[in-house]
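Q: heads up, no residue letters with this:
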């Protein structure tokens, strides 16, 4: 009997050891992305039921710069614009009066899965995927999948949706049937005629396009510069801001460290005016840096007090082949009796042990900018997280819910293209040509010229529905004309399941079905016909 019990105990031990890595892996699957630019009025909600635009119980708050965003959040602009930066360097830009839902931010076999829903308005998405990464945006009538590095704009208005491909290739999914689009093409679904997509040329850029283009160029240039100081092949959001707002210094034994421009020797990263606290339901007290550079230094890496420079941030934790661990704050909470404080985290700190930087002083959790000097022999203990009553912070404030803004697709004076049109798209030369022209290669058309795309042209479609072709001019007649008649009820905006790695082409088949929302933290949500209820990610409190 004893032998049997011993064998059972040994078997249970082996089972625990076998399952433990999976448990730890699951708890690390939460993804955090960043609100990297705020212009004007931007707000967010952490949870809602089905649709953030209609859920009257959703709690909306002002969205500060560098807000951490997780799966299940929704972000809205009023008279403002916003930029969201993802870990791989992908960026999403929202125009005024737009609402985006972060439907799925998860990891599958180590690859990032991103599925967004544009509930209303306009958004531009710059995607630079790493191997196996999946990125899609659903807006009103169809879903857009990124096929490799690409940039596309999606407009979701009351009477229809349009995607316009600025760079690379995308797949427009209508009724789970993909149509491949390339640079220079647009794809429109009118709500009054949802089964007949329209493919056309791009039009002239507007001020939102110019805004996006300038920000992408700046971010890419700055990120490339910062790469020479940090070994981070998978990238992490925020490195571009370090180039723009500070300088790198060589630190003996620690590689390179960073300090913001204008910081004197006595500068302190947690001094009053550089950010504030908020109580995150998953992580506890979290710090939001208020400076444009205030993302990476407050959530990744660590701080060293250099005798030559003062406080310097170091990008520790990168270059390991795994995503760098996110922290609600790059500091360690400590207490002595009923007094709580925090110490900037050192790269060599050992979890649960006295922080190495404690000799530089302790920041008070109650009075911003106040330092607590440890007395001789005074014992300070490390806290995994500070109690809810221990920190004074007001980084977030209440906001009104976003309003529905009625907008329609701009009309076009062009007539519907006929099947006998001589204007076709030449995929070999990547331009529109006149097939009746006697000149070699046909006659090229300008960007704003009326140039219908033949249904059998470069828009490779497997959709059995007929594809109509109309000209487009973004400046004044931005999209094909609306057919007459009342708009039919539009389908609920629920993204299709992410497709498996290697199936990003337009002719690919769907991967293995959606994962349950009760799966590991950050798992993909169900792809039921209607959008699922949203709440804070399950298990988000595990660290």
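A: Arrived safely. What you are looking at is a predicted structure, and each value in this text was computed from that prediction instead of being measured.
Q: how about the strands of the stretch 51-200 of the chain, start to end?
A: 60-62, 68-69, 74-85, 91-94, 99-108, 111-127, 134-139, 142-157, 160-174, 177-182, 185-190, 198-201 (DSSP state E, counting those that start in this stretch).
Q: Between these, which one is closest to residue 379.
A: Judged by CB to CB, the one of those that comes nearest to residue 379 is strand 68-69, at 32.8 Å. C-betas here are computed from N, CA, C, even on glycine.
Q: give the contact list for residue 57.
A: 48, 49 (CB atoms under 8 Å, 6 or more residues apart in numbering).
Q: if you set the cut-off to 10 Å instead, what comes out?
A: By CB atoms under 10 Å, 6 or more residues apart in numbering, the contact set of residue 57 is 45, 47, 48, 49.
Q: Among these, which one lies nearest to residue 292?
A: residue 45 (24.3 Å).
Q: per-residue confidence for the closest residue in space to that closest one that isn't next to it in sequence?
A: Spatial nearest neighbour of residue 45, excluding adjacent residues (CB to CB, 6 or more residues apart in numbering): residue 58 at 4.5 Å. Among the per-residue scores, residue 58 shows a pLDDT of 96.
Q: before we move on, back to that, looking at the strands of the stretch 51-200 of the chain, which is nearest to residue 308?
A: Nearest of the strands of the stretch 51-200 of the chain (CB to CB): strand 74-85, 31.7 Å.
Q: What ranges does the stretch 301-450 of the chain have for its strands?
A: Counting by DSSP E, counting those that start in this stretch, the strands of the stretch 301-450 of the chain are 302-306, 310-314, 331-336, 339-344, 362-364, 371-372, 381-383, 423-426, 431-434.
Q: Please identify the most buried of those.
A: Highest mean neighbour count among the strands of the stretch 301-450 of the chain (mean count of other CB atoms under 10 Å): strand 339-344, with a mean of 24.
Q: how's this structure carved up into domains?
A: Residue ranges for the domains of the chain, per automatic domain parsing: 28-213+443-469, 215-383.
Q: Mean confidence (pLDDT) on stretch 296-316, please.
A: 94.
Q: on that earlier part again, compare the domains of the chain and give me the one nearest residue 402.
A: domain 28-213+443-469 (3.8 Å).
Q: Looking at the contacts of residue 57, which is nearest residue 214?
A: Nearest member of the contacts of residue 57 to residue 214, counting by CB to CB, is residue 45, at 29.4 Å.
Q: Report pLDDT for that closest one.
A: pLDDT, read off for residue 45, is 97.
Q: was I right about it contacting residue 399?
A: Yes - between residue 45 and residue 399 there is a contact at 9.0 Å, judged by CB atoms under 10 Å.
Q: between those two, what contacts are shared?
A: 59, 60, 61, 63, 76.
Q: and the second one, what are its bridge partners?
A: With DSSP bridges as the criterion, the beta-bridge partners of residue 60 are residue 45.
Q: ok, it - contacts?
A: 43-46, 48, 52, 74, 76, 398-402.
Q: Of those residues, which is the nearest to residue 108?
A: Among the contacts of residue 60, and counting by CB to CB, the member closest to residue 108 is residue 74, at 22.6 Å.
Q: Can you give me the neighbour number for that closest one?
A: Residues lying near residue 74 (other CB atoms under 10 Å) number 27.
Q: Grab the nearest non-local neighbour of it.
A: Here the residue nearest residue 74, using CB to CB, 6+ apart, is residue 52, at 3.8 Å.
Q: just for the stretch 351-500 of the chain, where's the confidence low?
A: 411-493, 500 (pLDDT under 70).
Q: Pick out whichever of residue 45 and residue 399 has more residues nearby.
A: Higher neighbour count among residue 45 and residue 399: residue 45, with 24 against 18, using other CB under 10 Å.
Q: quick one, what contacts residue 249?
A: 229, 256, 257, 258, 259, 306, 308, 309, 312, 314.
Q: That one: helix or strand, and which one exactly?
A: strand 246-251 (DSSP states H and E).
Q: Same check on residue 210?
A: helix 207-226.
Q: From the contact counts, what lies against that helix?
A: Helix 207-226 sits against strand 33-45, strand 74-85, strand 91-94, strand 111-127, strand 142-157, strand 160-174, helix 239-245, with contacts defined as 3 or more CB pairs under 10 Å, 6 or more residues apart in numbering; DSSP states H and E.
Q: pLDDT of that helix, averaged?
A: The pLDDT scores in helix 207-226 average 80.
Q: quick one: it to strand 246-251, angle?
A: 10 degrees (axes from the mean of the first three to the mean of the last three CA atoms, to 10 degrees).
Q: Run through the bridge partners of residue 251.
A: residue 255.
Q: oh, I was asking about residue 118
A: residue 100.
Q: Surely it is in contact with residue 94?
A: Yes - the criterion here is CB under 10 Å, and residue 118 meets it with residue 94 at 8.5 Å.
Q: Could you tell me which residues touch both of these two?
A: Counting by CB under 10 Å, 6+ apart, the residues touching both residue 118 and residue 94 are residue 100.
Q: about what we covered before: of the domains of the chain, flag the one that's most buried.
A: It is domain 28-213+443-469: most buried of the domains of the chain by mean count of other CB under 10 Å, with a mean of 21.
Q: about what we covered before: list the ones among the contacts of residue 57 that fall in strands.
A: residue 45 (DSSP state E).
Q: can I get the contacts of residue 57 in JSON lines with distance to residue 218?
A: What follows is the contacts of residue 57, written out as JSON lines (distance: CB to CB, whole Å):
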{"residue": "45", "distance to residue 218": "30"}
{"residue": "47", "distance to residue 218": "33"}
{"residue": "48", "distance to residue 218": "33"}
{"residue": "49", "distance to residue 218": "38"}
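Q: Show me which of the contacts of residue 57 is closest to residue 335.
A: Using CB to CB, residue 47 is the member of these that lies nearest residue 335, at 31.0 Å.
Q: Quick check: the closest one touching residue 102?
A: No - with contact defined as CB under 10 Å, residue 47 does not reach residue 102; the gap is 11.2 Å.
Q: related to what we said a few turns ago, the helices and strands packed on helix 207-226: which one's closest to residue 328?
A: Comparing the helices and strands packed on helix 207-226 by their distance to residue 328 (CB to CB), the top pick is strand 33-45, with 13.3 Å.
Q: check contacts around the nearest residue to residue 336 once chain neighbours are set aside.
A: Residue nearest to residue 336 in three dimensions, not counting chain neighbours: residue 380, with 4.8 Å by CB to CB, 6+ apart. By CB under 10 Å, 6+ apart, the contact set of residue 380 is 332, 334-337, 339-341, 343, 354-355, 358, 362, 372, 374.
Q: how close does residue 380 get to residue 346?
A: Separation of residue 380 from residue 346 (CB to CB, to the nearest Å): 15 Å.
Q: Tell me how far the nearest residue to residue 125 once chain neighbours are set aside lies from residue 148.
A: Nearest non-adjacent residue to residue 125, counting by CB to CB, 6+ apart: residue 92, 5.2 Å away. Residue 92 sits 17 Å away from residue 148, taking CB to CB as the criterion.
Q: and if you look at residue 162?
A: 21 Å.
Q: isn't residue 329 right up against residue 294?
A: No - Residue 329 is not in contact with residue 294 according to CB under 10 Å; the separation is 11.3 Å.
Q: which neighbours do those two share?
A: In contact with both residue 329 and residue 294: 275, 287, 288, using CB under 10 Å, 6+ apart.
Q: What residues does the closest residue to the first one other than its chain neighbours make contact with?
A: Across the structure, with CB to CB, 6+ apart as the measure, the residue nearest residue 275 apart from its sequence neighbours is residue 289 (4.2 Å). Under the criterion of CB under 10 Å, 6+ apart, the contact partners of residue 289 comprise 64-66, 238, 269-270, 274-276, 295-299, 329-330, 395.
Q: hmm, back to that, between the shared contacts of residue 45 and residue 399, which is closest to residue 214?
A: residue 63 (21.8 Å).
Q: if I pick that closest one, what's in contact with it?
A: Contacts of residue 63 by CB under 10 Å, 6+ apart are 35, 38, 41-45, 69, 73, 75-77, 80, 82, 396, 399.
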